[in-house]
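> Predicted model, plus sequence, below.
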Amino acid sequence: MANQASYPATITKEDVDSEALSERIPRYHVILLDDNDHTYEYVVEMLTKLFLHSRTVAWGMAREVDSQGRSVVYTTNREQAEFKRSQIHDYGADWRLPRSKGAMSALVEPAE
């Protein structure tokens, strides 16, 4: 094969500049919004299952969303951020509170 391209067998750190790559791929935050229809336990459970956050990190985020009204729970590319937002919206009601009728709200915003 005369026109076969030559590719390195492995990719090294020098081959990929992560800072340059992140400049080309915009980052987005998944932001969880506060409400009064979900318990801290619900938030911690959801964040550990959907985002694989530790319980300690998830509790910190639950406190932040409660006190600040919002918390950045994940940062990634736009497609993945929108998928994770959908997972939050699909997570369902908090069975611990009878008044909880559905999932929490979340939005996606560009990371600055």
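Now that the structure is in, tell me what you want to look at.

> Identify each of the strands in this protein and give its residue range.
Using DSSP state E, the strands found in the chain span residues 28-33, 70-76, 106-110.

> Run me through the strand neighbours of the last one, direction for each.
Listed by DSSP bridges, the sheet partners of strand 106-110 and their directions read strand 28-33 (antiparallel).

> quick one: the strand it pairs with to chain centroid distance?
Centroid separation for strand 28-33 versus its chain: 7 Å, with Cα atoms, centre = their mean, to the nearest Å.

> tell me the mean pLDDT for it?
Here the mean pLDDT over strand 28-33 is 98, rounded to a whole number.

> quick revisit: Glu82: which of the strands of the chain is closest?
strand 106-110 (5.7 Å; Cβ to Cβ). Using the backbone N, CA and C atoms, a C-beta is placed for each residue, glycine as well.

> So which residues make contact with the closest one?
Contact partners of strand 106-110, identified using Cβ atoms under 8 Å, 6 or more residues apart in numbering, comprise 26-33, 73, 78, 81-82, 84-85, 88-89.

> Quick one: buried ones out of the residues you listed?
28-32, 73, 81, 84-85, 88 (16 or more other Cβ atoms under 10 Å).
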